[in-house]
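> next come a sequence and a model predicted from it.
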Amino acid sequence: MNLFSYPVMTLFTILSLNSVAQSSTDTVVTNEAKPDFRAYEMLHLPDLKNVPLTGVIKIAVVDDGFRLTHRTLKNYWYKNVNEIPGNGIDDDKNGYIDDVCGWDVADNDPDVSIPFGREAFFYHGTEVAGTLVMVAERCFGTRASEFIKIIPVKVLGDKSQKPYFEHGYDGIAYAIRQNADIIVCAWSGGKYDPDKYNSLFEEAKRKGITILGSAGNFYSGHCDPPASLNSVYAIAAVDTSLHKTTSSNYGDKIDLSASGELIYAPYPLKDNTYSYNDGTSGAVSLVAGCVTVLKALNPKASPDQLMDALKNTAKPLDSLNLTYGGKLGAGLPDLNAAVNYLKTESGRDVYFDSRRSKGDICIDQSTTRSFWAISPFGGFHGFNFSIKGEWNISGSTIKFYSGDSLVSSYSPKSIPSTIFVKGNKVGVKYEGKKGAKPFYISYSSSPIDSTTLYCSDIKYFDNPEGEISDGSGPFDYANNCACKWQITVPEGKHIKIQFDEFDTQAKTDFVWLFEGTKTLKENTLAKFSGPSLPPIIISASNQVLIWFVTDSSITGKGWHLKYKATDEPQGVHPSN
């Protein structure tokens, strides 16, 4: 779930949207004889029921609200034993009165439960928390509740009519102050103030807190905060056939991908109801479960060590997603392999996969190979390399190849902090002795972005009249683009928009029109696709945002429109 999400609308529909609480693809079930657990099975969850555990891992779920009594979750809530419930006193002096079981940041009170009768609106936090619990239980069994505790952080006010987490970052602040080990943010977007919040994420990094963020469901090649921040790990979504879900964001910031389809999870209507969740919120919940399991097994592991274990054992996805080569992270987690990866630092070279677009080359005394070919599927400008750990072995050399051609060669004293090697296929060669301690050559791809061939990001139009097109001219527009145009005319005027060319893949590639400056559901003026010329649209205000979104299959000739400031009232008129 994102701060802003969109329901599906029919072709050429003009409407004013109300808040939609539940994803249209969620199916609520009370009891199902054979639930579909494919989303979990795809992660290769190991049987760890007899593995000894010590200590307690705290996971903060920053979300809308929680059904504390749900049978899947009731034994997993973190209890602040330093706070006496109901006495109206901040017993532990942490700045929050009676925060025995989390905190409602939006309403500034200790009640994180769902407002009575609004379970269908405040469903998301229960699903997210429940998903990661179900991952843990499939590994550890019911004893998982002894070692894994969830701090519920509610960031949606009881009286809210829109599912926008305006208090999301303040919720993260509370989780950090509670010294959570893992923070799960299955949402993205909103107002991120660097001056206010950058120090917050720096504090989390100092404390060794792992923060996971949803890549977002905006069809975009970029992530929004918090997933876009350097200290946050970004998770994209694929379907059960391992293809990127249509709406999932993607890009070189993505660390991992997980299923964003058919994720069986608790639903808060009753204590025994479940649903099938989807989207990047479901994907990040699954990965959060994997990180939780690894942290329970390795309490002293740092965030990077936990994520490196998942990334360096992940199943590459690029061969099934050629358009998104290098843009879905290291791949799909294989938790069983990640558990084994963390057992010892020795012998990790066996997990290297030449098809993986980002990862580490491990060099230690057990390493038998001397050359590593990196050749993932997709188009790449090249690859970035850096050293992790201590490489100080005299007489040793690292050589970098583009194809079969030697590009550069370095000794420990001469190697720069980062190295870029051009090409779709590159190689790394190590010559010399190997040290007692392992070190790593970390790499990540720099993918070619064909989605920005004709348009990208956002363009601004401030003149009282003008023309806008998809930018492809005589050619078909590009696949997988997500471009915006912001029109602003003088105050007091409306905007008249008239298309004179229009050809997009019907019911798939859409031109959206939004009132104002944001892609909010309630701002939607219209959504068009297909070969027919759309009607004339007149806005209610002096600002309109145009959003063009395409998928990875068929393209069309594109579109062209003219706009101008007008005094005509808001309305829809037949095209000439």
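Perfect, I can see it now.
> quick check: which element contains the closest residue to residue 388 other than its chain neighbours?
Distance criterion C-beta to C-beta, 6 or more residues apart in numbering; nearest residue to residue 388, sequence neighbours excluded, is residue 440 at 4.1 Å. (C-beta placed from N, C-alpha, C; glycine too.) Here residue 440, judged by DSSP states H and E, is contained in strand 439-447.
> now do the contacts for the residue nearest to residue 388.
360, 361, 362, 363, 387, 388, 389 (C-beta atoms under 8 Å, 6 or more residues apart in numbering).
> make TSV from these and add neighbour count and pLDDT to it.
Formatted as TSV, those follow (neighbours: other C-beta atoms under 10 Å; pLDDT from 0 to 100):
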residue	neighbour count	pLDDT
360	22	97
361	22	97
362	25	96
363	26	95
387	18	97
388	15	95
389	17	92
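> strands - which of the residues you listed land there?
The strands, defined by DSSP state E, take in 360, 361, 362, 363, 387, 388 from the contacts of residue 440.
> show the pLDDT at the nearest residue to the third one once chain neighbours are set aside.
Translated: residue 362. Nearest in space to residue 362, with sequence neighbours left out and distances taken as C-beta to C-beta, 6+ apart, is residue 348 at 4.0 Å. According to the prediction, residue 348 has pLDDT 96.
> touching, residue 348 and residue 438? I think so.
Yes. Between residue 348 and residue 438 there is a contact under C-beta atoms under 8 Å: 7.0 Å.
> so what's in contact with those two at the same time?
362, 364.
> who has more neighbours, the two?
residue 348 (24 against 21; other C-beta atoms under 10 Å).
> and the strands in the stretch 51-200 of the chain?
57-63, 103-104, 148-154, 182-185 (DSSP state E, counting those that start in this stretch).
> possible to save those as TSV with distance to residue 557, mean neighbour count and mean pLDDT?
Below are the strands of the stretch 51-200 of the chain laid out as TSV (distance: least, C-beta to C-beta, whole Å; neighbours: other C-beta atoms under 10 Å; pLDDT from 0 to 100):
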stretch	distance to residue 557	mean neighbour count	mean pLDDT
strand 57-63	43	27	97
strand 103-104	51	28	97
strand 148-154	48	27	98
strand 182-185	40	29	98
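> how about TSV for those strands, with distance to residue 468 added?
Listed next are the strands of the stretch 51-200 of the chain as TSV, based on distance: least, C-beta to C-beta, whole Å:
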stretch	distance to residue 468
strand 57-63	38
strand 103-104	44
strand 148-154	42
strand 182-185	35
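> out of those strands, nearest to residue 552?
Proximity to residue 552, assessed across those by C-beta to C-beta, is greatest for strand 182-185 (27.1 Å).
> what's next to stretch 291-304, contact-wise?
45, 48, 51, 53-55, 57, 59, 132, 135-136, 139-140, 144, 147-148, 181-182, 205, 208-212, 233, 305-307, 309-310, 335, 338-339, 342.
> and residue 309, that's in a helix?
Yes. Counting by DSSP: H, G, I helix; E, B strand; the rest coil, residue 309 is part of a helix.
> show me what contacts residue 245?
Residue 245 neighbours (C-beta under 8 Å, 6+ apart): 217, 237, 238, 239, 260, 261, 278, 279, 280.
> quick check: it vs residue 321, distance?
According to C-beta to C-beta, to the nearest Å, residue 245 and residue 321 sit 11 Å apart.
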